[in-house]
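Enquirer: next input, structure requested:
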Amino acid sequence: MAQEIKASMAGSVWKVQVKQGDSVTSGDDIVILESMKMEIPIAAEVDGQISEVLVNEGDFVNEGDVLARMD
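Expert: Okay, here's the model as predicted:
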């Protein structure tokens, strides 16, 4: 079952750490957001493979927006 990785808060996408097809383990950073001059890492909660990255560096996202999907 695909899992969605969502933004925990609103901010700008500072760094995308993965690309489609990458294997990740629980705790690996997927995206780093920047909000209020703080860097907020968004990590994988389970092991899997990135099936889709939905954001690019510089994009603005809102809390709850889907950043990536993994299988």
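Enquirer: the residue nearest the centre of the chain: which element?
Expert: Among the residues of the chain, the one closest to the centroid is V31, at 3.7 Å (C-alpha atoms, centre = their mean). Taking DSSP states H and E as the criterion, V31 maps to strand 29-35.
Enquirer: what does that strand contact?
Expert: Outside strand 29-35, the residues that touch it by C-beta atoms under 8 Å, 6 or more residues apart in numbering are 5, 7-18, 24, 39-44, 50, 55, 61, 67-68. Every residue, glycine included, has its C-beta placed from N, CA and C.
Enquirer: which among those count as buried?
Expert: 5, 7, 11, 13, 16-18, 24, 42-44, 50, 55, 61, 67-68 (16 or more other C-beta atoms under 10 Å).
Enquirer: restricted to strands, list the residues you listed.
Expert: I5, G11, V13, V16, V24, I42, A43, I50, V61, L67, A68 (DSSP state E).
Enquirer: what bridges to G11?
Expert: V61 (DSSP bridges).
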